[in-house]
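A.B. asks: Dropping the sequence and predicted coords here.
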Amino acid sequence: MLQSRVRWVEGKQFVAESGSGHAIVVDASPGIGGRNTGPTPMELLLMGTAGCTAVDVVFILGDRMHQEINGMEVQAEADRADTEPKVFTAVRLRYRMTGRNAKPSQVERALKLSLTKYCSASAMIEHTAQVTATWEFVDEALGETYTGELVLGPHGADA
């Protein structure tokens with residue numbers, strides 16, 4: 001069971017603490033009275049989604065598929081509904097990886113496994129948002145760059 005506690009500090013600022021003892025400041029946007037001293041709850045959700053799939057991909061590629069991965073970065077963007085509840089309607093994830101002698105088919109398979117099977121955050125988001133994942137893998141041994149794209153979720157090609 002996961003646990004967390006959120007404690008109000010002042011104004012629209014809170015300190016969120018995980019059950020494992022890690023803390024982060026959470027604040028509202030200035031438009032509703034926040035002071036921008038920490039990420040908003042929706043930014044945390046997007047960050048959590050990117051982090052969830054990044055951990056999966058590194059684990060699947062490196063530990064399970066024995067592909068050499070030396071670097072990983074995931075950039076995430078999200079669009080939200082105009083009306084309440086302002087859920088994510090589109091999420092774009094951009095993966096940038098480096099490694100040596102990796103097979104592009106394995107990279108794509110690792111991403112698809114993460115986004116469709118293992119990453120709980122993306123599985124929840126796909127109920128309201130189309131998730132587009134573009135990826136780039138720079139093979140440092142061969143000097144090649146491989147790219148691809150997956151589209152998941154409502155009306156997504158791979159849904």
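C.D. replies: Structure received. Note that this is a predicted model, so its numbers are computed, not measured.
A.B. asks: And the pLDDT for residue 158?
C.D. replies: Looking at residue 158, its pLDDT reads 57.
A.B. asks: So which residues make contact with the helix or strand where residue 14 lies?
C.D. replies: Counting by DSSP states H and E, the element that carries residue 14 is strand 13-18. Residues external to strand 13-18 that are found in contact with it (C-beta atoms under 8 Å, 6 or more residues apart in numbering): 2-9, 23-28, 34-35, 37-38, 44. C-beta coordinates here come from the backbone N, C-alpha and C atoms, glycine included.
A.B. asks: Might you report the residue contacts of the nearest residue to residue 104 once chain neighbours are set aside?
C.D. replies: What sits nearest to residue 104 in space, not counting adjacent residues and going by C-beta to C-beta, 6 or more residues apart in numbering, is residue 146, at 4.1 Å. Contact analysis of residue 146 by C-beta under 8 Å, 6+ apart lists 102, 104, 107, 136-137, 139.
A.B. asks: ok, back up a step: adjacent strands (with direction) for the strand holding residue 14?
C.D. replies: Sheet pairing for strand 13-18, assigned by DSSP bridges, gives strand 4-10 (antiparallel), strand 23-27 (antiparallel).
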